[in-house]
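[1] have a look at this prediction, sequence included:
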Amino acid sequence: MTSTLTPSSSLGADPQSPISSVDNVFPSSQSTGAIGEDPVSGDSKGRSMSLPGVTDEGYTTFNGVTYLGCALVNAPRSEVEIYRNMSILNEQSKQAIPIELYVPRTSEGNVRTNGVVRLVDPGTDTDIACYKIHRILFCARGPSDSEEKMCFAFTCSHGDNPDSAIFQCHVFRCELQEAVAKILYSFATSFRRLPKSIGRSTSSISEAEVTAIFSVNLEFKEDDGKGSYSTCPKDKNIFKFRCDYDKKIVISVTQTGNKELRIERCFGLLLSPGRNVKDGDMHLIEMNSMGYSSDGRTYSISGNWEISEECFKVLDTETPKDTRVFLTVAVDLVICGIQEPVRFAIETKAKIFPHNERFWYFTKKPHQEQFFVKLKLTETDAPDVVQYEVVEVQSQTQIDRQKAGMSLQGLKHHRQMSEGVQSPQDDEESDGDEPLLSGSGVVSKEVTDDNLLEAWHEVLVKWHQNLSQRPKQVQQLAKKGIPEALRGEVWQLLAGCHDNSELMEAYRILITKESPMESVIQRDINRTFPAHAFFKQSGGLGQDSLYRISKAYSVYDEEIGYVQGLSFLAAALLLHMPEEQAFSVLVKICFDYELRDLFKQGFEVLHLKFYQLERLMQDLTGDLYEHFMEMGLEIHMFASQWFLTLFTAKFPLFLVFHILDLFLCEGKDVIFNVAIALLKMSRKDLLALDFEGILKYFRVHMPKKYRTEEAARELMAAAVSAKVTSKKLKKYEKEYITMKEQEMQQEDPIERMERENKRLLEDNMRLEQENDDLAHELVDSKLTLKSELDEVQDQNKEMKTDLTKHKKLLKDTQEEKHRLEVENQQVKEMCRKELERLETENSRNTVIVTDYKQICTQLSERLEKQQTAHREELSRIKILVKSCEACSKMFDADGKVNLPEPKIDPEKMNPKIVDLQQQVRELELELAQTKLALVESECKTQDLTHSLHAAVSEIQASKNTWFTKTLNSIKEVANTHTGKKEPKD
């Protein structure tokens, strides 16, 4: 076993840091027995042994020490490398230099020591070399079972900046083995011990400093309902309170240092929930009493704490299981000889129980804290009056935290990234509170601001006219939130894939391919947006679309494949656009917005984001950052999902969509704005919680704070106004790169080579596997190509046969075409002749019909005239007959002739009358025949007209047939060729 001394923070990372910033150096277990006693004091001059002596210059000196030499090292904290150099220099110590070793008794030094380790030539009493304490990084002694048991060594840094710093290992040997432990003890003391006060002198009175030490006890008392107060119990440094009971705070202050300062009075007693509380957030407590005890050593202050006040509501609310709340109690004391009041702030934890809770096993020991008040003498007009000015007040807890290296520069360990992002169902609950399911919340498409819609309408019209240039008004409008009805279109425009047919066509092909991640995708689909109706049903339209997009992307991006958490982002896009467009926007976000880089190279870029967020917290929310560091809470414990899922996994949809608006408009740095806004708006709640409570708050309570649109808008307004600039992020990125390079330099070369060897072995195995896969693919490709070549050759033969057939078919078609052309000419000629004949016949029939009409008209007029004459003659005869008395009986009353059938004697009949009657009958018959002929001619005329129209239609239809058009095209081509040949002839 070896003995080592290790500073708690790497000074090589910051060689320019001041001496006062150096942390302590602690000896290991092997040196404990050797350094349990104080070093021997006395004058060391002229001694032959390497035992310590104390000088009046603030040094502890050691004689009998030999300087063996130094060597350059790459890992100044590696014991293995120090032992190797120690062994080499011990064996080759032919030119070793005897020295006297001067070790300062304090790391901060004084006007004489200046905080440096001196190597002095014992003969001439001159300095050989000097090393500042804050440059020493590591101390170690040789193994007790080796030749180097009387040796020790320390490593130190040289250089003005981290880039040019080098590390040296200085090796020494002592004459006595027990002196090694005493030397290491002196080194430890120089780092740990506070500087002693130097006597005042008229020339340096303004620079003299003293340290006063105060011990402060804190206890709480609770109203027992009987007119008195009982002490609140405490379990593992956690006070136990009950709800709805007024309490009393009791503080006792005792001075334990050498410097006696009397407390004059208490200026104020203050209380606040949380830790790292700002002065303005503290609340005054009504004081009951103050003053010294009977022995005059302890100053006590008590005050009533009315728990009903609104500012103390957190401390009067029952805490969930396994969670605690922080509270800070402060007391301002007016101390004689000090210009201003001194504040002692005590941070502690409490657990709040129900009103009727009873405590059985507990301790009533008060909470104790020690404070170191660094004072500086100031000049006064009265020579006998001593007046001090407070330089610094530090509690023992703060000192212990600094020793533990809880600072940003102490971030040296490698943070392991979890393999995936947990879905909501994976979160284990420590109590009955359920986290908010992903996909919660309703986003309305209604827009009450007409001016906003009109502004977006103008922007979109202008944007569509020139898609390559984004209008200037888009950024300001996006900060207010894109209207839900327009998000699908605007997101595509912002991502630059409004009409990306290439990606959409690729998607249609990718969904037909198989993915090795299908089982993982299917498992995650059921846990994505379970609170949304579109994705709730297993096997429904929403889950099927989400499965296809996730599978398509895993095939598209072979390097990253499918990663957990990607489905949440895809689901948010699917709620605004079809699958093809959602896939296109997802690809743009992963590649153009560099989201996929977070998953590459062992999450190296993601660790950079964590560092940048941590530095932003330190700059913008310093108290919250300190609280997280003290709790041991690291950024990746709560911010992983923020970066990997763009806040889509936990938060309500209204907030998620607004974040995506800004992300697509302004870029990836928006994540930092939203993260800082979340932390600032939850600052008071987080400061009042412990480690488990903070994690639960991030997982359960923080997302629920933004379920209303008003809270979400307030958060986004804070995010927009957050002071996060690209210049600042670039600065943090350079810091991170520098820090990683220093870690690599300070790392043990063997460990680095082993890790590098392991990585190379993994790469080699991966490349061999890829080589095997490529070989198999090559063989398969050759076989496939051979098979495809045979198929192509067979197809070639078939195509040649088809070509021959088609050539023959073309020849037959041309002959058929020629025959049809001749027939077409014949048909046309026949139709023309028939049309001429029909027109001629139609003209003749028209003339005949006209003649018949004229004859009929004449006959009708003639008949009407004869009928009129006959009626007149008949009327005259009737009149004459009626005038005759004998003949009037021949007529009835209605004028009808009532005669017996006359018996005509043909012999007595007048032959003229008979002829006339015969002529009348013939004319009547001729008239009937003429009318009949007229009707027949009209019918025939109609038939001829109908035939004529039909023939014309047939001729016109024959002209419009495809065959006719083809023949006409062939004729035109033939005529064209004929026209071209004629000029040559």
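    Received, thanks.

[2] show me the contacts for the spatially most central residue of the chain.
    With distances taken as CA atoms, centre = their mean, Leu646 lies nearest the centre of the chain, 1.8 Å away. Residues counted as contacts of Leu646 (CB atoms under 8 Å, 6 or more residues apart in numbering) are 569, 595, 656, 659-660, 663, 671. C-betas here are computed from N, CA, C, even on glycine.

[3] and if you look at Asp661?
    Contacts for Asp661 (CB under 8 Å, 6+ apart) come out as 478, 481-482, 487, 490-491.

[4] could you work out the most separated pair of the residues you listed?
    Maximum pairwise distance in the contacts of Asp661, criterion CB to CB, is 12.6 Å, between Gly481 and Trp491.

[5] so the two - more neighbours on which side?
    Ranked by neighbour count (other CB atoms under 10 Å), Gly481 and Trp491 place Trp491 first, with 27 against 19.

[6] tell me how far the more buried one lies from Gly667.
    14 Å (CB to CB, to the nearest Å).

[7] what packs against the longest helix anywhere in the chain?
    Ranked by number of residues, the top helix in the chain under DSSP state H is helix 749-883. Packing partners of helix 749-883 (3 or more CB pairs under 8 Å, 6 or more residues apart in numbering; DSSP states H and E): helix 911-959, helix 962-984.

[8] and the angle from that helix to helix 911-959?
    With axes from the mean of the first three to the mean of the last three CA atoms, to 10 degrees defining the directions, helix 749-883 sits at 170 degrees from helix 911-959.

[9] mind checking pLDDT for the nearest residue to Gln473 once chain neighbours are set aside?
    Nearest residue to Gln473, sequence neighbours excluded (CB to CB, 6 or more residues apart in numbering): Val459, at 5.3 Å. On the pLDDT scale, Val459 is placed at 90.

[10] contact partners for Val459?
    471, 473-474, 477.

[11] any of these buried? List them.
    471, 474, 477 (16 or more other CB atoms under 10 Å).

[12] who does the helix or strand hosting the last one touch, helix- and strand-wise?
    Following DSSP states H and E, one finds Leu477 within helix 473-480. When contacts are defined as 3+ CB pairs under 8 Å, 6+ apart, helix 473-480 sits against helix 450-465, helix 487-495, helix 653-666.

[13] buried sites along the last one?
    If I follow you right, that is helix 653-666. 653-665.

[14] including distance to Val973 and pLDDT, could those go into TSV?
    Shown next, in TSV, are the buried residues of helix 653-666 (distance: CB to CB, whole Å; pLDDT from 0 to 100):
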residue	distance to Val973	pLDDT
Leu653	68	93
Phe654	70	90
Leu655	72	93
Val656	68	94
Phe657	65	93
His658	68	93
Ile659	68	94
Leu660	63	94
Asp661	64	93
Leu662	66	93
Phe663	64	94
Leu664	59	93
Cys665	62	92
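
[15] for the nearest residue in space to His627 that is not next to it in sequence, which residues are in contact?
    Nearest residue to His627, sequence neighbours excluded (CB to CB, 6+ apart): Asn276, at 5.0 Å. By CB under 8 Å, 6+ apart, the contact list for Asn276 reads 347, 622-624, 626-627, 687.

[16] all the strands of the stretch 501-650 of the chain, residue numbers only.
    Assigned by DSSP state E, counting those that start in this stretch, the stretch 501-650 of the chain shows no strands.

[17] quick revisit: closest one of the buried residues of helix 653-666 to Glu369?
    Leu655 (41.4 Å).

[18] the closest one reaches Thr708, doesn't it?
    No - using CB atoms under 8 Å, Leu655 is not in contact with Thr708; the gap is 9.9 Å.

[19] any idea how far Arg173 is from Gly540?
    80 Å.

[20] ugh, wrong one, I meant Glu815
    For Glu815, the distance to Arg173 - CB to CB - is 118 Å.

[21] can you check Val674 too?
    Using CB to CB, Val674 is found at 60 Å from Arg173.

[22] cool, Leu377 as well?
    44 Å.

[23] and for Ile213?
    40 Å.

[24] and those two? Which one has more around it.
    Just comparing Ile213 and Arg173: by other CB under 10 Å the higher neighbour count belongs to Arg173, 24 against 16.

[25] quick one on the thing from earlier: same list, the contacts of Val459, but as JSON lines with pLDDT and distance to Phe326 please.
    As requested, these are arranged in JSON lines below (pLDDT from 0 to 100; distance: CB to CB, whole Å):
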{"residue": "Pro471", "pLDDT": "91", "distance to Phe326": "49"}
{"residue": "Gln473", "pLDDT": "90", "distance to Phe326": "46"}
{"residue": "Val474", "pLDDT": "90", "distance to Phe326": "44"}
{"residue": "Leu477", "pLDDT": "91", "distance to Phe326": "42"}
